[in-house]
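K.L.:
below is the sequence, then the predicted model.
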Amino acid sequence: GVIWYDGKMCPWRDATTHVLTHTLHYGMGVFEGVRAYDAEQGTAIFRMRDHTDRLFRSAHILQMPMPFDKDTINQAQLDVVRENGLSSAYLRPMCFYGSEGMGIRADNLKVHVIVAAWEWGSYLGKENLEKGIRIRTSSYTRHHVNITMCKAKANGNYMNSMLALQEALTCGYDEAMLLDAEGYVAEGSGENIFIVRNGVLYTPDLTSALEGITRETIMTLAQEQGLEIREKRITRDEVYVADEAFFTGTAAEVTPIREVDNRTIGNGGRGPITETLQTLYFDQVHGRRED
Ligand code: PLP
């Protein structure tokens, strides 16, 4: 396979970097997670331009100068999927600092950009899209660095997510639910969270969760269904007594949550509103919508 690397297609095995790569040491860089569906049938990469826009916003927040324009990064994504002959793929655009110097300052370093893609199935397990997952409130919180970075997908901030997921998996759960510094529900390690109660859809406001593109897609689909949506602070016990709960993310798509901290949610399976929104989501990503 090939990886787009600083403007050129590069064989997969040669797409390497130096051990003194600044981002490897200090963790500052930006990235995206994007999915392509049915690429061989010509379906476009799902919301590609929105992901590219967020990548550039992330770089702007971190004051990381982007050496390429948006059109080039969009074209790179399309080319990577096509040249690798992929059908349904996960794409990873990523920007990182070079190895010209050590120390914290980075304004004198080169910024490198890669776009890689590979076939990737359901992130949290195919059967869990139907059955739902079991999650656990994390002892790791969505701390202030993350909280000021709700608009950026930045590499360094994933230590928190990784520790939270690691803890959840070690304890026998499928995913983690992170609270913010004040104890309100924030998000999963790589997903936004929604709950349903009495037919109303709730999701945490964006003070402590990433501005998720799937979150926005789901809110639009829910609106089209005439569902009432409320963005607000959500407490842990509000999740316990929800009729339904689910995660959204490019990787996780729409994954039902059947249990939180050993409390069964609703009927302990995929709820009806979750199922409707999930079906609409898959129809949309597979380009099967009528309108
Ligand atoms: N929250 C975090 C921390 C993430 O890493 C992601 C993944 O991208 C999401 C939420 C979901 O965002 P999106 O729907 O844009 O993929």
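P.N.:
The structure has been received and is ready for your questions. Numbering: from 1, shown residues only.

K.L.:
which SS state does Val196 fall under?
P.N.:
For Val196, the reduced secondary structure class is strand; criterion used: DSSP: H, G, I helix; E, B strand; the rest coil.

K.L.:
checking Leu210 next. Helix, strand or coil?
P.N.:
Under three-state DSSP, the three-state class of Leu210 is coil.

K.L.:
the ligand versus that one, what's the distance?
P.N.:
The spacing between Leu210 and the ligand, counted by C-beta to the nearest ligand atom, to the nearest Å, is 4 Å. Just so you know, the C-beta spots here come from the backbone N, C-alpha and C atoms, and that holds for glycine as well.

K.L.:
pretty sure that residue is touching Ala154, no?
P.N.:
No: counting by C-beta atoms under 8 Å, Ala154 is not a contact partner of Leu210; they are 10.0 Å apart.

K.L.:
if we ignore the residues flanking it in sequence, what's nearest Gly85?
P.N.:
Leaving aside its sequence neighbours, Gly85 sits nearest to Glu40 (C-beta to C-beta, 6 or more residues apart in numbering; 7.9 Å).

K.L.:
check contacts around Tyr83.
P.N.:
Not Tyr; residue 83 is Glu. For Glu83, the set of contacting residues under the criterion of C-beta atoms under 8 Å, 6 or more residues apart in numbering consists of 2, 9.

K.L.:
tell me the pLDDT of it.
P.N.:
The score at Glu83 is 95. That number is its pLDDT.

K.L.:
going forward, count from 5.
P.N.:
Got it, the first residue is 5 from now on, which makes the last one we talked about Glu87.

K.L.:
can the secondary structure element (helix or strand) that Asp287 belongs to be found next to the ligand?
P.N.:
Taking DSSP states H and E as the definition, Asp287 sits inside helix 276-289. No: counting by C-beta under 6 Å from any ligand atom, the ligand has no neighbours in helix 276-289; the shortest distance is 10.7 Å.

K.L.:
can you give me how far that helix is from the chain middle?
P.N.:
For helix 276-289, the distance between its averaged C-alpha position and the chain's averaged C-alpha position is 18 Å (C-alpha atoms, centre = their mean, to the nearest Å).

K.L.:
what does it rub up against?
P.N.:
With C-beta under 8 Å, 6+ apart as the test, helix 276-289 has contacts from 39, 41, 50, 133, 200, 203, 205, 218, 221-222, 225-226, 229, 231, 248-250, 257-258, 260, 274, 293.

K.L.:
ok, stretch 134-141 next?
P.N.:
Outside of stretch 134-141, the residues within contact range by C-beta under 8 Å, 6+ apart are 128-129, 171-172, 175, 177-181, 183, 192, 240, 250-251, 259-265, 269, 272-274.

K.L.:
quick check: PyMOL command selecting the buried ones in those.
P.N.:
Only the buried entries of the contacts of stretch 134-141 go into this PyMOL selection, using 16 or more other C-beta atoms under 10 Å:
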select buried, resi 128+171+172+177+178+179+180+181+183+192+250+251+259+260+261+262+263+264+269+274
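
K.L.:
which of the contacts of stretch 134-141 fall in helices?
P.N.:
171-172, 240 (DSSP state H).

K.L.:
closest to the ligand among those?
P.N.:
Top of the list for closeness to the ligand, among the ones in helices among the contacts of stretch 134-141 and by C-beta to the nearest ligand atom, is Ala172 at 13.9 Å.

K.L.:
tell me who's in contact with that closest one.
P.N.:
With contacts taken as C-beta under 8 Å, 6+ apart, Ala172 has the following neighbours: 139-140, 142, 178-180, 193.

K.L.:
now, which of the residues you listed lie within strands?
P.N.:
If you go by DSSP state E, these have 139-140, 179-180 in strands.

K.L.:
farthest-separated two in the residues you listed?
P.N.:
Maximum pairwise distance in the ones in strands among the contacts of Ala172, criterion C-beta to C-beta, is 7.9 Å, between Arg140 and Glu179.

K.L.:
can you put the ones in helices among the contacts of stretch 134-141 in TSV and add distance to the ligand?
P.N.:
Formatted as TSV, the entries for those read as follows, by distance: C-beta to the nearest ligand atom, whole Å:
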residue	distance to the ligand
Glu171	15
Ala172	14
Arg240	18
